[in-house]
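**Q** I need the structure of the sequence given here:
(chains A and B)
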Amino acid sequence: MKNVFVSVLVMMMTTGQAMAQGVSFEAKVSKRSLGLNERLRVDFIMNENGDDFTPPSFSGFKVFSGPNQSISNSWINGKRSFSKTYTYFLTPTRKGALTIAQATIKIDGETYKTSPIKITVTEAVEVPRDPNSPEYLIDDNLHLVAEISNSRPYLNEAITVVYKLYFRNPLRISDGRAVENPQFADFWSHNIDIPRLKVENATYKGEPYSVVVWKKSVLYPQKTGKLTLEPLSLSLVIDLPSNRRDFFGNRILQQSSRTVTAGRRTINVKPLPEKGKPVNFFGAVGQFNFDALINKNSLKASESFEIKLKVTGNGNLKLFNLPELVLPNTLEVFEPEHSENVKTTLSGMQGNIEDNYTVVPRFQGKYPIAPVSFSYFDPKKEKYFTLRSSEQIVDVYGGPVANNSNDNSSAAIAKQLLTNTDESFRFIKLNPNLEPIVKKEFWNTKLFYALLIFPILLLIAFVLLVQHNHRISNDVEGSRLRVANRLSKKYLGEAKKNLKNKTLFYDALERALFNYLKARLKIKADDFSKDKITEILADKKLAEIEIQSFIALLENCEVARYSPATDAKMQQDFDQALSVISNIDKKL
Amino acid sequence: MRKILMLFLVSFFHCFVAFGQEKDTTFENANAAYNAGQFEKAVMLYKQILESGQHSAELYFNLGNSYYRLNQVGESIFYFEKAKQLQPTDEDINVNSSFAQNMAIDAVEVLPKSQVTQLKDSIIELFSQEGWAYFIVLLAWLLVLFWGLYLWNKIPFIKRTFFVSSLVLALFLIGSLFIAVIKSANTADTTYGILFNEKMEVWAEPNSRAEVLFLLHEGTKVQMLDELQDWQKIRIANGSEGWIKNAKVRSLKGFK
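**A** Residues are numbered from 1 along each chain as shown, chains lettered A, B, ... in the order given. This next block holds a predicted model:
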């Protein structure tokens, strides 16, 4: 800055000096600061004709054209004014602070020098500002702009891109076509048709313009991160008034063809927040309503009913799936029919999508249609919402009951189906038949085993007893002997002792016989006579022979007492007595 | 003294009768509530009876019906299964149970059984465990009686009849004992339960690295096979097996 000030000061001083001498030689630049792609005009002006003009080296510049020499010489009121100019058009070759060095000229033998000029070369400017060129005119008055509704949308949130062509006088556009249509990679895009291009009035950067909406697109970003929108390029034929005029004085229009592009734009797509994301979120973004509709709540088996899952609203309707319907497996469900009624406008997709399930129940009963939940993200409220359909019950009547028994053959099932056709849900039972829950176990208890073993033991005991009895009744000889022994022991014991002594023996034998009768027949001892005995024994229905043998024995005893008898005879009598007694005993 | 004792006895019996009657009136009230459509109330009353320590197939059946009316699949199936345990052959129970099964989301196809196992099952299911025990004891007594008669009798024809019939009885006795032993072993080994989770993933292994084999829903009858930490190994009626985590499975064993 200081440098500039100093140089200006020096320049003023030199001009002052030149003025004083009446000769001036100076350098003028069209601008002091310019872009790399702009041009600079340098004029070296003198007021006296000189020669041997030496231009500076123009380091850092390239001479675009020049030197062009122009001389003006005029006489006004006898006063001459003269100027001679050398003009150069320069283009800078590098950025930075450059200096246009001194030029020299000889006027009347003296050498004059211009002062050096500092030029700042900046970055290339987008539009080389040359107001005289038609290009500049076009650039200044024609703008292709991509308007993006939201450059930081959420994933799957609708954004709109509108390409507008602004232009103003003196330009007129006579034709145009798109050279390159942008491909919206990573977006779901929808172009909104524009039937006729319409010119409207609008303002652009505060100035009145005419505007044509060239293209409208609705975009749903499908990826997060920075996404680039490819620019739209238009090839336009532009009518431009030239400086020439026709015969009638109207300006002659000059046609020029020009390609304009809307700049490359980037969009930063935000991911949907993880916080509070429902489990059953399928990517619906927008504002929605959700409903599950059933067209019949009660129907006959083998008729069909429909369940409609419907999402209505505003959002990425075509870009997500509807939640799936969970139904009892005993229902026959056909593949859902998907239908969409979606209009895409600048504000996004609007309308409804629905899945239509056709269901045929084959068995009667109640079928719960489980509630279906649908979740979406509202980018405006930046929150997730979950909508639930209400639980509904479909009542099916008049059909067969599903067969859940263990029959495995299909024939059996078919049979069952036929017989069960009119089965209905049974009423509750009215008889409680209650019993304690803590039941006395019987299986595997001691009582059980005892009851099981006891009869077997009983049987064994019974068998033993029977066998024992059997043995006894079979042994006839033995039993007689046992009876005889018992009798002999009881009555004939004494007699037996005296087998050696004849008198005593018979005495005892006789007594034994009487005693036996006394005990057996319960008669008094005094009135024993043979007749009496015979009578009594006959009363007891004894056989004549037995009575006779008893009497005979008694007589024998009497006789034997006084007659000689052998031991053998005594033994014989004893045995006979025994047999008689046991015989009588049996009969009595 | 004697009078007092009598009084005491009478009041004691009276107590018992009153107790039983109270149960009956609760049951009747519950039935009335059911009939009036107040299924929650019916459930509550039926449960009161259960809590007082009494049960019956009829009670479970009515509970199952009430839950069916309330659209509670799991509970309904659970109580029908309980009813079936007590009375496996009752037609009403089987019909309504299949209604409840219809309501469940899973329809598990029952694994087909061979005719031999079918026959075996039908024989085993003929009586309950206690039934078989009583039957065995009865057979044992009959056998002893017949054998005794066979021994006792002298007439050859009757003797022969008793001998043959007691032989048959002995065969029956051995068979029944065998069946009862098998049955008690079966019931000791297998525990069934009803799944109460609305939705349950069944995994191939008891860890979440394994894959999900299939999904089960409320009301499915599962057989519990094994346990490892939070995981339970189950088998469903179609023979598929898998592991479930932290599942609400209510066991059908016991009467609680």
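**Q** Please count neighbours and contacts with C-alpha atoms only from this point.
**A** Fine.
**Q** quick one: secondary structure of the nearest residue to residue A:428 once chain neighbours are set aside?
**A** Computed as C-alpha to C-alpha, 6 or more residues apart in numbering or on different chains, the closest residue to residue A:428 that is not its neighbour in sequence is residue B:62, at 5.1 Å. Under DSSP: H, G, I helix; E, B strand; the rest coil, residue B:62 falls in the helix class.
**Q** Please apply the same query to residue A:162.
**A** strand.
**Q** Contacts only, for the residue nearest to it when sequence neighbours are not counted.
**A** Ranked by C-alpha to C-alpha, 6+ apart and with sequence neighbours excluded, the top spatial neighbour of residue A:162 is residue A:216, at 4.6 Å. Residues near residue A:216 by C-alpha atoms under 8 Å, 6 or more residues apart in numbering or on different chains: A:160-163, A:191-194, A:346.
**Q** again, only this time at 6 Å
**A** Residue A:216 is in contact with A:161-162, A:191-192, counting by C-alpha atoms under 6 Å, 6 or more residues apart in numbering or on different chains.
**Q** beta partners for it?
**A** residue A:162, residue A:192 (DSSP bridges).
**Q** what residues does chain B put near chain A?
**A** B:53-56, B:58, B:62, B:96, B:98-99, B:103-107, B:112, B:130, B:133, B:137, B:141, B:144 (C-alpha under 6 Å from any C-alpha of the partner chain).
**Q** Now do stretch A:561-574: everything it contacts.
**A** Residues contacting stretch A:561-574 (C-alpha under 6 Å, 6+ apart): residue A:503.
**Q** what about it, how long is it end to end?
**A** 14 Å (C-alpha to C-alpha, to the nearest Å).
**Q** What mean pLDDT does that stretch get?
**A** When pLDDT is averaged over stretch A:561-574, the result is 75.
**Q** do stretch A:278-287 as well
**A** 86.
**Q** buried stuff in that stretch?
**A** Within stretch A:278-287, the residues scored as buried using 16 or more other C-alpha atoms under 10 Å in any protein chain shown are A:281-287.
**Q** Including secondary structure and distance to chain B, could the residues you listed go into a markdown table?
**A** Output for the buried residues of stretch A:278-287, formatted as a markdown table (DSSP: H, G, I helix; E, B strand; the rest coil; distance: C-alpha to the nearest C-alpha, whole Å):
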| residue | secondary structure | distance to chain B |
| --- | --- | --- |
| A:281 | strand | 18 |
| A:282 | strand | 19 |
| A:283 | strand | 23 |
| A:284 | strand | 24 |
| A:285 | strand | 27 |
| A:286 | strand | 29 |
| A:287 | strand | 29 |
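**Q** Around chain B, which positions in the stretch 351-500 of chain A sit nearby?
**A** A:365-367, A:404, A:408, A:425, A:428-429, A:432, A:434-437, A:442-443, A:452, A:455, A:459.
**Q** Give me the buried entries from those.
**A** A:365-367, A:404, A:408, A:425, A:428-429, A:432, A:434, A:437, A:442-443, A:452, A:455, A:459.
**Q** Tell me which of those residues fall in helices.
**A** Residues of those located in helices (DSSP state H): A:452, A:455, A:459.
**Q** Please name the nearest non-neighbouring residue to the last one.
**A** Nearest-residue entry for residue A:459: residue B:144, 5.8 Å, with adjacent residues in sequence omitted and distances by C-alpha to C-alpha, 6+ apart.
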